[in-house]
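In: sequence plus the predicted model coming up.
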Amino acid sequence: MPSVRDAADIIFNLVPTLNSQQDTEIVDLWAANGRILATPVNSPLDFPHWDNSAMDGYAVRYEDVQNSNAEQPVSLEVVAEIPAGYQPKFTLQPGQAARIFTGAVMPSGGDTVVMQEKTRPENNRVFILTTPKPGEFVRLKAAYYQAGTQLLPANTQLNAAEIAILAASQCPQVKVYRRPRVAIFSTGDELVTPDQPLQPGQIVDSNQYALAALVKQSGAEPILLGIVKDNPTALEETITKAIVNADIVISSGGVSVGDYDYVDQILASLGAKIHIRSVEMRPGKPLTVATFSTPQAPIYFGLPGNPAAVLVTFWRFVQPVIRKLGGLAKGWEPVFVKVRSHDELRSDGKRETYIWGSLHLIDGLYEFHKAGGSHSSGNLINLAQTNALAVLPPGETFISSGKDVLVLQLPI
Ligand code: AMP
Ligand code: MG
């Protein structure tokens, strides 16, 4: 049975990449939030587009004011006013200044801006009360970005800053990777939908709801295939259907060693290569990972049925796969941070143990608080508000309150 780390290495190396030509779509910039760029973007514009003022003040010729100060101020003739948005059509001559505002285009001949607080205007003249530095408060054309060079690399996630950059470079539509398609189904004779009356022995299929939410949150498109009975024919039909359409297939339940756990045997009979059957972790030991060599080449995750195990194994293994497959070059890996534990944490030391809880800011430092209630993998209720999982590696049985612990930080 592989360790969690070995399983993660195996799984993350199985991830195919979307094709940067075929697996793409053009989206409007308004709809681009969270999407991943399929091609690099260049802009034909320089940033700034032209030399402009960084201050409200006066555009001057440095050589006119290089010896100016409050005691012996140089006085210049104010020949024009340049608000933002206008192209000045004159050249500053020796002894002249132009009133200028932040963002306005520098007049030709002007090379320096004196902020208005360091000036004293009088009629049509201005006294310069300071010696500016040459070029001070002028943002030079192309100082931030040169036209034609790479603005954003491919495989970048588009968030607010990137979207603003694309808007500023007049790029109203972008080519992004299509969302990965993730087929989801639940297995178990005991399962009913939330709207069905509950008969004795039955439970509600909560896993499919959790997985649909997690898949969407990871930037992918869920394909819901419903509840499948613990019946080899029904399972085979569903898996056959799932692998035609999806990049990733996730089932929950039926991968344990119980008499009704058929998933592995059906995967094998359908020609899948099974890479993992179980992982040394708690919760989540029964975990099947397989690949198909069909044209779509999907990755199959057979997650355990226990609701807590579904969430934990998704966060640890499936979410990074969706983000990597979806085109992210970096930042798809799970994020572990070391924080102080508020509570005592225990494990039997045999398997890597994931304990759910939440991070709280205490005096500016994050602290992990273990969720109250039962930490049984069958208990879903105390997972509410989980935003971190404390990780106790094999061999580590106890972390006392106040000591550091590694936590897997969860996207919320
Ligand atoms: P299994 O892995 O199929 O043996 O299921 C383990 C446990 O998880 C059983 O108690 C199931 O009733 C429960 N379980 C399985 N599937 C689901 C589901 N879709 N939603 C909620 N609980 C489930
Ligand atoms: Mg079952």
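Out: Noted; the coordinates are in hand. Remember, it's a predicted structure, so these values are computed and weren't measured experimentally. Ligands and ions are numbered 1, 2, ... in the order given.
In: neighbours around whichever residue of the stretch 51-200 of the chain sits closest to ligand 1, how many?
Out: Nearest to ligand 1 in the stretch 51-200 of the chain, going by Cβ to the nearest ligand atom, is residue 186, at a distance of 3.5 Å. Backbone N, C-alpha and C define where each C-beta goes, glycine included. Residues lying near residue 186 (other Cβ atoms under 10 Å) number 25.
In: next, it: secondary structure please.
Out: strand (DSSP: H, G, I helix; E, B strand; the rest coil).
In: show the contacting residues for it.
Out: Contacts for residue 186 (Cβ atoms under 8 Å, 6 or more residues apart in numbering) come out as 205, 207-208, 226-228, 251-253, 305.
In: do residue 69 as well
Out: Neighbours of residue 69 in contact, by Cβ under 8 Å, 6+ apart: 129-131.
In: how near is it to ligand 2?
Out: Distance, residue 69 to ligand 2, by Cβ to the ion, to the nearest Å: 85 Å.
In: checking that residue next. Helix, strand or coil?
Out: Classified using three-state DSSP, residue 69 is coil.
In: correct me if wrong: residue 113 contacts residue 61.
Out: No: the pair residue 113 / residue 61 is not scored as a contact, 11.3 Å apart, by Cβ atoms under 8 Å.
In: between the two, which one's more packed in?
Out: The neighbour comparison of residue 113 against residue 61 (other Cβ under 10 Å) goes to residue 113, with 27 against 19.
In: so which residues on the stretch 1-150 of the chain come close to ligand 1?
Out: Taking Cβ under 6 Å from any ligand atom, no part of the stretch 1-150 of the chain reaches ligand 1.
In: tell me how many other residues surround the residue in the stretch 1-150 of the chain that ligand 1 sits nearest to.
Out: Residue nearest to ligand 1 within the stretch 1-150 of the chain: residue 1 (16.7 Å; Cβ to the nearest ligand atom). A count of nearby residues for residue 1, using other Cβ under 10 Å, gives 12.
In: what does residue 43 give?
Out: The number of residues packed near residue 43 is 20, by other Cβ under 10 Å.
In: and for residue 307?
Out: Residue 307: 22 neighbours (other Cβ under 10 Å).
In: please apply the same query to residue 229.
Out: Per other Cβ under 10 Å, the neighbour tally for residue 229 reads 16.
In: ditto for residue 411
Out: 11.
In: how about it, phi and psi?
Out: In terms of degrees, to the nearest 10, the main-chain angles of residue 411 are phi -70, psi 130.
In: just to check, it is in contact with residue 216?
Out: No: at 11.7 Å, residue 411 and residue 216 do not qualify as touching, with contact defined as Cβ under 8 Å.
In: pretty sure residue 358 sits in a strand.
Out: Yes: secondary structure assignment places residue 358 in a strand (three-state DSSP).
In: quick one: contacts for the closest residue to it other than its chain neighbours?
Out: Leaving aside its chain neighbours, residue 358 sits nearest to residue 387 (5.0 Å; criterion: Cβ to Cβ, 6 or more residues apart in numbering). Residue 387 is in contact with 358-359, 409-410, 412, counting by Cβ under 8 Å, 6+ apart.
In: before we move on, back to that, which one of the contacts of residue 69 is nearest residue 332?
Out: residue 130 (51.7 Å; Cβ to Cβ).
In: need phi/psi at the closest residue to that closest one other than its chain neighbours.
Out: Nearest residue to residue 130, sequence neighbours excluded (Cβ to Cβ, 6+ apart): residue 118, at 4.1 Å. Phi and psi for residue 118, reported as degrees, to the nearest 10, are phi -100, psi 30.
In: residue 118 and residue 127 touch, don't they?
Out: No: using Cβ under 8 Å, residue 118 is not in contact with residue 127; the gap is 9.7 Å.
In: and the two? Which one has more around it.
Out: Neighbour count, other Cβ under 10 Å: between residue 118 and residue 127, residue 118 has more, with 19 against 16.
In: and that one, how close does it get to ligand 2?
Out: Distance of residue 118 to ligand 2, given as Cβ to the ion: 77 Å.
In: so who does that residue touch?
Out: 57, 128-130, 132.
In: same thing with residue 227?
Out: Taking Cβ under 8 Å, 6+ apart, we find residue 227 in contact with 185-188, 191-193, 205, 208.
In: check these one by one and keep those near ligand 2.
Out: residue 188 (Cβ under 5 Å from the ion).
In: which one of the contacts of residue 227 is nearest to ligand 2?
Out: Taking Cβ to the ion as the measure, residue 188 is the one of the contacts of residue 227 closest to ligand 2, at 4.0 Å.
In: does the closest one touch residue 253 like I think?
Out: Yes: the criterion here is Cβ under 8 Å, and residue 188 meets it with residue 253 at 4.7 Å.
In: list the contacts of whichever residue of the chain sits closest to ligand 1.
Out: Closest approach between the chain and ligand 1, counting by Cβ to the nearest ligand atom: residue 305, at 2.3 Å. Applying Cβ under 8 Å, 6+ apart, we find residue 305 in contact with 186-188, 207, 252-256.
In: check which helix or strand it maps to.
Out: Assigned by DSSP states H and E, residue 305 falls within no helix or strand.
In: okay, it: pLDDT?
Out: At residue 305, the model reports a pLDDT of 95.
In: now the residue of the stretch 301-412 of the chain found nearest ligand 2: how far from residue 286?
Out: Nearest to ligand 2, among the residues of the stretch 301-412 of the chain, is residue 305, at 4.8 Å (Cβ to the ion). Distance, residue 305 to residue 286, using Cβ to Cβ, to the nearest Å: 9 Å.
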